[in-house]
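Enquirer: pasted the sequence and its predicted model underneath.
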Amino acid sequence: MPASHRFRENAMLKTSRRLMLGMVWVTAGLLLAQLGCDRAPGKLLLDPGGSAGGAGYKSKFTRIQVAGNLNPTLYGNFDLTKSPDMANQGNGVWTAVVKGVAAGDHLFKFVTNGKFDDPPDYGSDEVCRPSTSGAVIPVTGQGTAICVTFAAAGNYKVTLDEQTLKFKFEPYTVATPGTIAGTVTFENPPPSPLKAAVTVLTAGTQTVQAADSTESNGSFSIGDLPEGSYDVRFAASGYLDSLKTNVQVAAGQTVNIGTIRLAKGCTSAFSKIQVAGNLNTDLYGNFDLTKSPELQKVAGCRWETTINTVTAGQHFLKLVTNGAFDNPKDYGGEESNCLTLSAGFISAPVKQVSGTGTALCINFPEAGNYKFTLDEDALTLRIEKTVVLQGGTLHGEVAFGGTPPRGLHAAVTVLQQGTSTVVAADSATPEFILNGIPAGQYDVKFAAVGYLDTLRSAVIAVGQITELGTVQMRAGCTSAFNKIQIAGNLNTDKYGNFDLTRAPELTKMGGCRWQATVDSVLSGQHFFKLVTNGAFDSPPDYGGDESNCLTLTAGTLNTTVRPASGTGTALCVTFPDAGKYKFTLDEAARTLLIEKVTSAASRIQTIKLGLRPENSAGAGSEGIVSTGGSR
């Protein structure tokens, strides 16, 4: 992101923005009304998430949670693993009961489909208002939560209406609450008393209704429960979780569920753990989760993987949980305390972490293959050097359909079958030979610029050559990205100044072709980038040389642009006329087409920006058109 252009606003514009903040509640409603049926997903964040209207309205979301700091003890602090689910009442109306809200200011969002920001959540501007109701708008990014001031502590029912984009909290009283009671015991109990966490959930869901811990004698009693059906979860360190389902609570009654015995062992909370870091940036990227090796769960809370070709030297790594950094927390340590393998072995303590400065720092005296074993119960990571005494060989060649450019190579990547864990990689010229692959079953991915991904299966045997023959690759394009936005200063009042929370999204039209119509582009010189996957620079965006400014004319202008990251790499385009413009990005052809949208009788002005062809074997081709794994 070019810092020289991200903050180009002058003092007058900043003052204007602060004045506009107070008007957001009025303008949001007017803008949504004006959009009406012509709203198109991805063009504006002011786009409610449903179809049709009135009694026929249907939400496009399968799940909405109330995530925030309404009750950190019960629901965590913006923790989606604890945030209460809302019940879909139909016609865009969702409800939930939030218990134990303290008096004062609280921040929260209505998070959609179990993930922050993608798709956009319902939020606001974090300005606290002395009211427990208000308006919401679809939002992404920081500073977009809702702030509500609660005059009194208590239980509240919250209602969200997607059609009106309104929410409200109402005091909620359990007239005749019920209670769940019982006792927890342990297999091979520890010498000192151990308490178990007891969590009451709405039956069949993960919505927390109440939580407490057992007394020193193992007993528990959880009250203030509305009449209904509940699941009760029991957890303690060093023991397997236990779940008691469909506990029926009647008004004013205490249900004793008896004695729950917890078995020795450990249950992992995670479905996926990856080793992300800089162990070998060519093979696994630099903290790149699309390339990071996955650990395989071998038992309970024990995970293992072997990572080949770790380079010698000091490396940083994290054990990233469930495919995303920080949420839920990862396993890491203190980066300032670097540990060194001794005789090819180390057992390092780990802890749950989030944020910067929390990776593990490990010094590998020798390059080679290393086995990683994570024990979540003991909170240790064991790393030991392994030796592949014998391996097998993979051999074949690649043939390109159509008329490939001269000197085109294909990237060949060998992956553990069914995972993204890279075992070996090379390029085909057109022949490929990969040696020293451990015996086993693998996926082999072939990638080349301008060609569709091709996947083959292979079984490697010790001391044997596995022949794949000729792998035919078809011309085409597979985009590496799930999201592309036009971020710049085309109209700072409407889309912000390189603000990804407001930047218009392009819609994927098929293959590698993306398109968006941007309203109200101002006349004059503008800077912008085509930002990939919702973050500047990683992976690289589409940009150019902003010192070379292009001008929209009645004809066509061709210029070299490149995959871009860092400062000074935006596109600079002069728009002689204000108005509506259509942007069409073709990743396969490496072109960006900008067309002024006018009446049918008017002439269309266009500018065509040709993306500079990169050497397919060079770094410039990475991250823009992906047809598979790394080189």
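Expert: Cool, got the structure. On a predicted model such as this, the values are computed, not experimentally measured, just so you know.
Enquirer: could you check how far Gly544 is from Thr569?
Expert: 7 Å (C-beta to C-beta, to the nearest Å). To be clear about C-beta, it is placed using only N, CA and C from the backbone, and glycine gets the same treatment.
Enquirer: of these two, which one has the most company?
Expert: The residue with more neighbours, out of Gly544 and Thr569, is Gly544; 25 against 21, by other C-beta atoms under 10 Å.
Enquirer: was I right to think that one contacts Gly568?
Expert: No - in this structure, Gly544 is not within contact of Gly568 by C-beta atoms under 8 Å, at 9.7 Å.
Enquirer: between Gly544 and Thr569, which contacts overlap?
Expert: Arg562 (C-beta atoms under 8 Å, 6 or more residues apart in numbering).
Enquirer: how about the strands in the stretch 251-400 of the chain?
Expert: In the stretch 251-400 of the chain, the strands defined using DSSP state E, counting those that start in this stretch lie at 254-262, 273-277, 296-299, 302-310, 313-321, 330-332, 339-340, 345-349, 351-353, 360-364, 368-375, 380-386, 392-400.
Enquirer: ok, of these, where does mean pLDDT dip lowest?
Expert: Per-segment mean pLDDT for the strands of the stretch 251-400 of the chain reaches its minimum on strand 296-299, at a mean of 83.
Enquirer: in its sheet, which strands sit next to it, and in what direction?
Expert: Strand 296-299 sits in its sheet next to strand 302-310 (antiparallel), going by DSSP bridges.
Enquirer: buried stuff in the partner strand?
Expert: For strand 302-310, a neighbour-count test (16 or more other C-beta atoms under 10 Å) marks Arg302, Trp303, Thr305, Thr306, Ile307, Asn308, Thr309, Val310 as buried.
Enquirer: let's have the strands of the stretch 251-400 of the chain in JSON lines, adding distance to Ala589.
Expert: Output for the strands of the stretch 251-400 of the chain, formatted as JSON lines (distance: least, C-beta to C-beta, whole Å):
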{"stretch": "strand 254-262", "distance to Ala589": "61"}
{"stretch": "strand 273-277", "distance to Ala589": "34"}
{"stretch": "strand 296-299", "distance to Ala589": "41"}
{"stretch": "strand 302-310", "distance to Ala589": "36"}
{"stretch": "strand 313-321", "distance to Ala589": "36"}
{"stretch": "strand 330-332", "distance to Ala589": "40"}
{"stretch": "strand 339-340", "distance to Ala589": "50"}
{"stretch": "strand 345-349", "distance to Ala589": "49"}
{"stretch": "strand 351-353", "distance to Ala589": "44"}
{"stretch": "strand 360-364", "distance to Ala589": "43"}
{"stretch": "strand 368-375", "distance to Ala589": "41"}
{"stretch": "strand 380-386", "distance to Ala589": "46"}
{"stretch": "strand 392-400", "distance to Ala589": "17"}
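Enquirer: which parts of stretch 291-304 are buried?
Expert: Of all the residues in stretch 291-304, those buried under the rule 16+ other C-beta under 10 Å are Lys291, Ser292, Pro293, Glu294, Leu295, Lys297, Cys301, Arg302, Trp303.
Enquirer: can you check stretch 520-529 too?
Expert: For stretch 520-529, burial by neighbour count (16+ other C-beta under 10 Å) applies to Val521, Leu522, His526, Phe527, Phe528, Lys529.
Enquirer: a strand runs through the fifth one, doesn't it?
Expert: Yes - counting by DSSP: H, G, I helix; E, B strand; the rest coil, Phe528 is part of a strand.
Enquirer: contact partners for it?
Expert: Ile486, Ala487, Gly488, Asn489, Leu490, Ala570, Leu571, Val573.
Enquirer: which one is it nearest to, not counting chain neighbours?
Expert: Gly488 (2.5 Å; C-beta to C-beta, 6 or more residues apart in numbering).
Enquirer: burial of that neighbour, as a residue count?
Expert: As a burial measure, Gly488 scores 29 neighbours (other C-beta under 10 Å).
Enquirer: ok so, going back, and Lys99, which of the strands of the stretch 251-400 of the chain is closest to it?
Expert: Ranking the strands of the stretch 251-400 of the chain by proximity to Lys99 (C-beta to C-beta) places strand 254-262 first, at 18.6 Å.
Enquirer: and that closest one, what does it pack onto?
Expert: Judged by 3 or more C-beta pairs under 8 Å, 6 or more residues apart in numbering; DSSP states H and E, strand 254-262 is in contact with strand 178-186, strand 228-235, strand 242-249.
Enquirer: how far off centre is that strand?
Expert: Distance of strand 254-262 from its chain centroid, counting by C-alpha atoms, centre = their mean, to the nearest Å, is 39 Å.
Enquirer: report the angle between it and strand 178-186.
Expert: Between strand 254-262 and strand 178-186, the angle comes out at 20 degrees (axes from the mean of the first three to the mean of the last three C-alpha atoms, to 10 degrees).
Enquirer: quick one: work out the angle between strand 254-262 and strand 228-235.
Expert: Counting by the same axes, to 10 degrees, strand 254-262 lies at 30 degrees to strand 228-235.
Enquirer: neighbouring contacts of strand 254-262?
Expert: For strand 254-262, contacts defined as C-beta under 8 Å, 6+ apart pick out 178-187, 196, 221, 232, 234, 236, 239-240, 242, 244, 247-249.
Enquirer: can we see that at 7 Å?
Expert: Residues from elsewhere that reach strand 254-262 (C-beta atoms under 7 Å, 6 or more residues apart in numbering): 178-187, 196, 232, 234, 236, 239-240, 242, 244, 247-249.
Enquirer: ok, Ala251 - contacts?
Expert: Taking C-beta under 7 Å, 6+ apart as the criterion, Ala251 is in contact with Thr176, Gly178, Glu227.
Enquirer: and with 6 Å instead?
Expert: Listed by C-beta atoms under 6 Å, 6 or more residues apart in numbering, the contact set of Ala251 reads Thr176, Glu227.
Enquirer: how far away is it from Asn337?
Expert: Using C-beta to C-beta, we find Ala251 at a distance of 56 Å from Asn337.
Enquirer: now do Gly178
Expert: Distance from Gly178 to Asn337, counting by C-beta to C-beta: 50 Å.
Enquirer: mind checking which of the two has more residues around it?
Expert: Counted by other C-beta under 10 Å, Gly178 and Asn337 do not tie: Gly178 has more neighbours, with 22 against 9.
Enquirer: how far out from the middle of the chain is stretch 336-343?
Expert: Taking C-alpha atoms, centre = their mean, the mean C-alpha location of stretch 336-343 is offset from the chain mean by 31 Å.
Enquirer: just the terminal-to-terminal distance for it.
Expert: 23 Å (C-alpha to C-alpha, to the nearest Å).
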